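Undergrad: Got a predicted model here, sequence first, then my questions.
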Amino acid sequence: MSKESDILEELDKFKEWASGAYSKFTVTNYASALLEYFSYYGGVPTLEDPDVEATIAKDFIKSGTNAQRQVRTYALKAYYNSRGRPDIAAMIPKFRYAYAFGRNIFPSYKRLWDSIMRLGFPDSAVLGTSYALALRFREVSKLKLNDFRRKDCAVLVHREKGPGGILRDYLLPLSPCACELLKEYVGNRSGGIQPLFYNLENHPLNDKNVLHIFHRFLKITGYEGTFHMLRHTRATELAERFGDAVVLGNFLGQRNINSVMKYIHMAGSMEHEETNYWHCDTDIPLRTWKWVSI
């Protein structure tokens, strides 16, 4: 069997193991990171020397960007656990959230929002809604017209959660300025299940279009980062404004309180470029919002 065949077989084994513990999106990300790791390693890891394995893994993680380091860390820990080697997994340092978040949060909420507004329709509506709701980029293209509850200034967000990638719905409140933006974008459109967003060619927005809009935003503004920075920044903004881990967890769709507390901690250490940093004069009623299971 060739080295390439060995790698593909190893990836298949990992994906089969991981599908029972992670969502489809996470499994795909981990598998992509592992494919890079096997190339860096020179084939399928032998597991002969734990110290050597851990050293190679750490060097591989360090060679990536800030965004890649997080995925690589979790992917390699999961991989070595799948091989029955928790000892090697334990030797891989935990991902340092504070270090990464400090470089994955826009320094000014207000300037971020103003920059989004300068894009013009439909790009400003796409990124403005994504930011206000702390969406992951794959959640944007799933939105339908009837998901926007105009009267309540809320949006029904479809999130892939847990093993098997089960879609769960979350009714999330929009900030006032984001609600007005979306109302202006939707206009008098009706039709229920038609997509909420369209691209400039009037075709339904897809994941590739969403990333293209974000990359154009980065190019225009001079920022650097990934689409997920919008989610990190919005979560930190809400943590700073409300300081309530429970309601923030409900908003983000996070059941693990530890996943939310990183935003609470980061909010207390943020240094803003401007005094008036809120992206809206008023914001969503997180504490009084009636969280209803959909």
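TA: Arrived safely. Numbers count the residues shown, from 1 in each chain.
Undergrad: Buried residues of stretch 52-68, list them for me.
TA: Going by neighbour count (16 or more other C-beta atoms under 10 Å), the buried part of stretch 52-68 is E53, A54, I56, A57, K58, F60, I61, G64, A67, Q68. Placement of C-beta: from N, CA and C, glycine included.
Undergrad: from the residues you listed, which two are the most distant?
TA: E53 and A67 (23.9 Å; C-beta to C-beta).
Undergrad: quick one on the thing from earlier: which one of the buried residues of stretch 52-68 is nearest P195?
TA: A67 (27.7 Å).
Undergrad: circling back: would CSV of the buried residues of stretch 52-68 with secondary structure, pLDDT and distance to S32 be doable?
TA: Listed next are the buried residues of stretch 52-68 as CSV, based on DSSP: H, G, I helix; E, B strand; the rest coil; pLDDT from 0 to 100; distance: C-beta to C-beta, whole Å:
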residue, secondary structure, pLDDT, distance to S32
E53, helix, 92, 20
A54, helix, 92, 22
I56, helix, 94, 18
A57, helix, 93, 16
K58, helix, 92, 19
F60, helix, 93, 13
I61, helix, 91, 14
G64, coil, 84, 12
A67, helix, 66, 13
Q68, helix, 80, 10
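Undergrad: From the residues you listed, pick the one nearest P176.
TA: A67 (31.2 Å).
Undergrad: ok so, going back, need the buried residues of stretch 52-68 in TSV with distance to M261, can you?
TA: Converted to TSV, those look like this (distance: C-beta to C-beta, whole Å):
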residue	distance to M261
E53	31
A54	28
I56	32
A57	27
K58	26
F60	28
I61	23
G64	25
A67	21
Q68	24
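Undergrad: just for the stretch 101-250 of the chain, where's the confidence low?
TA: 101-103, 161-165 (pLDDT under 70).
Undergrad: Strands of that one, start to end?
TA: For the stretch 101-250 of the chain, the strands defined by DSSP state E, counting those that start in this stretch occupy 148-149, 154-161, 166-173.
Undergrad: Tabulate these in a markdown table, adding columns for distance to R138 and mean neighbour count.
TA: What follows is those, written out as a markdown table (distance: least, C-beta to C-beta, whole Å; neighbours: other C-beta atoms under 10 Å):
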| stretch | distance to R138 | mean neighbour count |
| --- | --- | --- |
| strand 148-149 | 18 | 18 |
| strand 154-161 | 7 | 18 |
| strand 166-173 | 11 | 16 |
